[in-house]
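Q: I would like to see how this sequence folds:
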Amino acid sequence: MAYQALYRKWRPLDFDDLVGQKSISNTLKNEIKLGRIGHAYLFCGPRGTGKTSTARILSRSVNCLNPNEGNPCNICQNCKGILDGSILDITEIDAASNNGVENIRDLRDGVRFSGSALERKVYIIDEVHMLSNSAFNALLKTLEEPPPNVHFILATTEAHKVPQTILSRCQRFDFRRINVSDIEGQIKKIIAADGVSVEDRAIRIIAEKADGSMRDALSILDQCMAVGDGSLSYEDIRYFLGICDFEYIRDLADAVAKRDAAAAFGVIGEYVSSGKGISAMLDEFIRFMRNALMLKYLAENQLDIPEDEIEDAKEMSSAVSEERLVYIIKIACETAAALRTGLTPRIIFETAVVRMIHPSYDNSSDGIAARLGAVEEALAAGTVVKSSPPAEKTEKKVQKQETPPPPPPKKISNVSDEVVKAVIPAIGKIKKELYDANNLQTAMALECATVSEKDGKVCLLYKNVGECAAYRAFLDEENIESITKSIKKHTGHDVMLTIGIEEEKLPKQDNLDVLYKQINPDG
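A: Next comes the predicted model:
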């Protein structure tokens with residue numbers, strides 16, 4: 001007898017055998033028991049979640065001679081004929097390869113005739129979203145008013161591509177991804193029946209890799225069972241699936257947390273030398289850093305973390321700030337997308353690691369937030385520690401000016417309340433001008449500031465040290481000069497503009513300078 005793949009051998013035969021879709025199973029069984037069978041159903045959801053299997057079970061249930069609580073008996077003449085394919089009143093159509101209007105016209109012509117062996121004819125259209133617009137239009141009227149005892153079951157992984165006119169005529173059932181514990185339970189049932197020994201940790205890996213698809217899980221198990229001789233260990237499964245050893249992930253995460261680029265490159269080099277792919281390492285790195293982030297909000301018993309990784313994840317969670325973890329995960333996810341099209345995955349990954357270690361190379365808002373988070377941590381600890389600076393830039397050629405520049409116009413060093421009252425609406429106009437000019441960073445810096453008089457000057461006040469340092473990165477000398485010119489244009493006053501903090505006790509100027517340098521090392 002020819003070998004049969006596990007996902008075919010263990011295809012569910014009744015609603016009770018469906019894994020992870022209990023609500024759908026119960027609803028369909030109740031409809032059959034009450035005789036409230038719809039004329040059209042739409043089964044949608046991810047691959048491998050049981051849509052086609054449910055459609056086949058439903059086609060037998062509505063024709064079964066001895067139904068059992070809504071389930072087909074699978075032993076009567078009708079059930080056996082449907083299972084072995086000898087009864088042709090159950091028609092399955094693959095819309096991916098039969099998506100033309102002529103195929104639906106043939107279906108529409110066949111619907112008019114009664115079944116040859118069964119009371120109810122059932123048409124199962126798989127991947128229905130692949131039908132052409134003309135085919136959908138040809139199906140529409142038949143689907144709305146089919147002949148008596150004719151049922152349509154449509155299945156798709158992309159329900160959003162199905163026209164609303166079709167959706168509105170169907171009972172819709174959304175199949176969800178099967179959770180890891182349900183997949184584990186089914187795998188244990190299968191290996192027990194087949195007499196195969198598999199470690200629990202290995203089963204866990206297979207269930208996680210399946211990504212909610214029972215079919216994918218059984219396909220992976222099928223491949224792995226061909227490797228061993230009746231038993232599969234945790235290491236066998238990891239090696240076969242090309243999963244990165246956790247030691248590499250732990251060492252890489254530790255190097256990133258300590259901002260040690262040399263150590264990180266050493267780990268990546270050693271891993272690549274072992275012959276494994278960068279994508280596998282990146283996937284495991286994202287999963288580990290995500291676990292560390294979740295531990296800041298949830299207890300370890302609320303998360304699905306392997307026992308041998310819990311302590312390392314807890315250490316990482318306590319050692320790295322929430323902002324920086326979010327920043328690292330975002331860069332890692334962007335890198336995972338880039339690896340799909342990149343020709344040099346190692347270089348792409350190494351460059352991403354440098355960005356994780358040195359946010360100063362990243363001028364995006366996320367990079368600034370990561371640098372600000374590090375500064376706030378240092379301030380909370382009572383010290384301001386300079387982060388590792390980027391490599392020194394090449395020397396810039398400085399052109400000597402033969403004549404000194406003209407002195408700047410003298411600004412008012414003492415302003416009255418009337419001047420400040422005139423400046424406040426002017427700042428509002430300046431913000432609008434900046435937004436219109438798409439200078440969003442400077443506009444936001446003004447948006448978050450309170451205009452006040454301080455030490456005889458017009459001052460942009462911020463709530464705390466961190467906010468002041470962050471917006472000071474946008475309000476450089478050139479921008480300040482531009483804003484003062486705009487103030488003079490709108491008010492006629494030539495004022496001196498400064499930046500400050502609303503708190504009474506301001507930090508020393510040298511600490512503010514260090515803070516600014518950490519936010520904007522090139523400024």
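
Q: Grab the most central residue of the protein for me.
A: Residue closest to the average C-alpha location in the chain (CA atoms, centre = their mean): Cys333, at 7.9 Å.

Q: Is it correct that that one falls within a helix?
A: Yes: Cys333: assigned to a helix according to DSSP: H, G, I helix; E, B strand; the rest coil.

Q: which other residues reach stretch 17-26?
A: Applying CB atoms under 8 Å, 6 or more residues apart in numbering, the contact partners of stretch 17-26 are 12, 15-16, 49-50, 53-54, 57, 173, 175-179, 182-183, 185-186, 214. (Each C-beta comes from the backbone N, C-alpha and C, glycine too.)

Q: Tell me the pLDDT of Ala332.
A: On pLDDT, Ala332 comes in at 92.

Q: quick one, what contacts it?
A: Contacts of Ala332 by CB under 8 Å, 6+ apart are 282, 285-286, 289, 352, 356.

Q: Specify the local secondary structure of the residue lying closest to Val128 once chain neighbours are set aside.
A: Nearest residue to Val128, sequence neighbours excluded (CB to CB, 6 or more residues apart in numbering): Leu154, at 4.2 Å. Three-state assignment for Leu154 (three-state DSSP): strand.

Q: From Leu293, how far off is Leu154?
A: Counting by CB to CB, to the nearest Å, the gap from Leu154 to Leu293 is 40 Å.

Q: thinking again about what came up before, tell me the most packed of the contacts of Ala332, by neighbour count.
A: Tallying neighbours with other CB atoms under 10 Å puts Met356 at the head of those, with 28 neighbours.

Q: For the strand or helix carrying that one, list every residue counted as buried.
A: For Met356, the host element (DSSP states H and E) is helix 345-357. Within helix 345-357, the residues scored as buried using 16 or more other CB atoms under 10 Å are 345, 348-350, 352-353, 355-357.

Q: cool, stretch 442-451 as well?
A: Those would be 442-446, 449, 451, for stretch 442-451 by 16+ other CB under 10 Å.

Q: Of those, which is the nearest to Arg324?
A: Minimum distance to Arg324 across the buried residues of stretch 442-451 is 22.0 Å, recorded for Met444 (CB to CB).

Q: any idea whether that closest one is helix, strand or coil?
A: Applying three-state DSSP: Met444 is helix.

Q: so what secondary structure elements neighbour the helix or strand Arg287 falls within?
A: Taking DSSP H and E as the criterion, Arg287 maps to helix 278-294. Here helix 278-294 touches helix 246-257, helix 261-273, helix 310-319, helix 322-339, helix 345-357, going by 3 or more CB pairs under 8 Å, 6 or more residues apart in numbering; DSSP states H and E.

Q: which residues sit against the second one?
A: Just to be clear, that refers to helix 261-273. By CB under 8 Å, 6+ apart, the surrounding residues in contact with helix 261-273 are 244, 248, 251-252, 254-256, 278, 281, 346, 349-350, 353-354, 357-358.

Q: Mind listing what's buried along that helix?
A: Across helix 261-273, burial judged by 16+ other CB under 10 Å covers 261, 263-264, 267-268, 271-272.

Q: Let's have these in CSV, adding pLDDT and distance to Glu127.
A: Listed next are these as CSV, based on pLDDT from 0 to 100; distance: CB to CB, whole Å:
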residue, pLDDT, distance to Glu127
Ala261, 90, 48
Ala263, 92, 49
Ala264, 92, 44
Val267, 93, 43
Ile268, 93, 41
Tyr271, 91, 39
Val272, 90, 39
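
Q: lowest-pLDDT helix or strand in this protein?
A: In the chain, the helix or strand scored least confidently by mean pLDDT, DSSP states H and E is helix 509-519, which has a mean of 52.

Q: Run the chain-centre distance for stretch 346-364.
A: 20 Å (CA atoms, centre = their mean, to the nearest Å).

Q: Quick one: neighbours of Thr157, just the number.
A: For Thr157, using other CB under 10 Å, the count is 17.

Q: my guess is it meets Gly48, correct?
A: No: in this structure Thr157 lies outside contact range of Gly48 using CB atoms under 8 Å: 9.7 Å.

Q: on that earlier part again, residues contacting the helix holding Met356, please?
A: Counting by CB under 8 Å, 6+ apart, residues outside helix 345-357 touching it are 252, 255-256, 259-261, 264-265, 268, 272, 277-279, 281-282, 327-328, 331-332, 334-335, 338-339, 342, 361-362, 367, 388.

Q: From the chain's centroid, how far away is the helix ranked longest in the chain?
A: Ranked by number of residues, the top helix in the chain under DSSP state H is helix 417-436. Distance of helix 417-436 from its chain centroid, counting by CA atoms, centre = their mean, is 41 Å.

Q: now for it, which elements pack on it?
A: Using 3+ CB pairs under 8 Å, 6+ apart: helix 417-436 touches helix 440-447, strand 450-454, strand 457-462, helix 477-491.

Q: deepest of these, which one?
A: The highest average neighbour count among the helices and strands packed on helix 417-436, using mean count of other CB atoms under 10 Å, belongs to strand 457-462 at a mean of 21.

Q: Restrict it to CA atoms and write it as PDB.
A: Presented in PDB, the C-alpha positions along strand 457-462 are these (Å, rounded to 0.1, in the frame of the first residue of the first chain):
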ATOM      1  CA  LYS A 457      14.600  86.900  27.800                       C
ATOM      2  CA  VAL A 458      11.800  85.100  25.900                       C
ATOM      3  CA  CYS A 459      12.100  81.500  26.900                       C
ATOM      4  CA  LEU A 460      10.700  78.300  25.500                       C
ATOM      5  CA  LEU A 461      10.100  76.200  28.600                       C
ATOM      6  CA  TYR A 462       9.800  72.400  28.700                       C
END
